[in-house]
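In: Give me the fold of what follows.
(2 chains)
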Amino acid sequence: EAQVTQNPRYLITVTGKKLTVTCSQNMNHEYMSWYRQDPGLGLRQIYYSMNVEVTDKGDVPEGYKVSRKEKRNFPLILESPSPNQTSLYFCASSVIGSNQPQHFGDGTRLSIL
Amino acid sequence: AQSVTQLDSHVSVSEGTPVLLRCNYSSSYSPSLFWYVQHPNKGLQLLLKYTSAATLVKGINGFEAEFKKSETSFHLTKPSAHMSDAAEYFCVVTLMTTDSWGKLQFGAGTQVVVTP
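Out: Take a look at the predicted model:
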């Protein structure tokens, strides 16, 4: 089954404790992306990647890192999480192209205390 | 600059009546436009996309959207709402300018409530 898998689905942690949210897709997609969803703001793009070793900033990259060492994986790293990064996070992937739809994971709810 | 505006944050309809979700965009070129639906505790699912082949686009679950360039709109409609349509809906535009190729911009979302 074609899918985008995020882990963990839920995480409560404390300020400053490094964490990684993993994202994996099994569709051989070149394009992968991370979003955060906050009430009233819709989804905002954090980082995206066009292919292995090619990443770029989205609209809200501050406080986040990503890497793309393999095509299927695109982890999101919070080196020193802060409470304002409490949010619902989504990973997505797609074929490259302006009219290609994104395939979304089920989301990761992060709470930073 | 490109942007997406969903004109209603909440829409309440009765089961069996039409649904209209409004989306306006601004873009200096012909955009790629999408509608996604998000059910509680789930990721986003594609409803339909505009690819410039036809201005009236049919999607899943009886939804359709009409691209109107003169009005810069891409409104989503369904003739008869079902209880399972209760969800949040997002209008999305893909940015394809030189310095933002691959970026997606989401509207703020419209929460749809369906009453029996």
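In: Measure how buried the closest residue to chain A within chain B is and give me the count.
Out: Relative to chain A, the nearest point of chain B is B:Gly43 (3.4 Å; C-beta to the nearest C-beta). No exception for glycine: its C-beta is placed from N, CA and C like everyone else's. By other C-beta atoms under 10 Å in any protein chain shown, 22 other residues sit near B:Gly43.
In: And for B:Thr77?
Out: B:Thr77: 14 neighbours (other C-beta under 10 Å).
In: now swap in B:Pro116 and tell me
Out: Using other C-beta under 10 Å: B:Pro116 sits among 6 other residues.
In: hang on, it packs against B:Met83?
Out: Yes - if you go by C-beta atoms under 8 Å, B:Pro116 and B:Met83 touch, sitting 7.2 Å apart.
In: contact partners of stretch A:37-57?
Out: A:30-36, A:58-61, A:64, A:66-71, A:74, A:76, A:87-90, A:96, A:107, B:6, B:9, B:44, B:90, B:102-109 (C-beta atoms under 8 Å, 6 or more residues apart in numbering or on different chains).
In: actually stretch B:46-57, sorry about that
Out: Contacts of stretch B:46-57 (C-beta under 8 Å, 6+ apart): A:99, A:101-102, B:30-37, B:58-61, B:63-68, B:74, B:76, B:89.
In: List buried residues within those residues.
Out: Buried subset of those (neighbour count, 16 or more other C-beta atoms under 10 Å in any protein chain shown): A:99, A:101-102, B:31-37, B:59, B:63-65, B:67, B:74, B:76, B:89.
In: how about the residues of chain A near chain B?
Out: Selection of chain A residues close to chain B by C-beta under 8 Å from any C-beta of the partner chain yields A:4, A:31, A:33, A:35, A:40-45, A:48, A:50, A:56, A:58-59, A:90, A:92, A:96, A:98-99, A:101-102, A:104-107.
In: Show me what the helix or strand of chain B with the lowest mean pLDDT is packed up against.
Out: Least confident element among the helices and strands of chain B, by mean pLDDT, DSSP states H and E: strand B:103-106 (a mean of 80). Under the contact criterion of 3 or more C-beta pairs under 8 Å, 6 or more residues apart in numbering or on different chains; DSSP states H and E, strand B:103-106 touches strand A:42-51, strand B:3-6, strand B:87-95.
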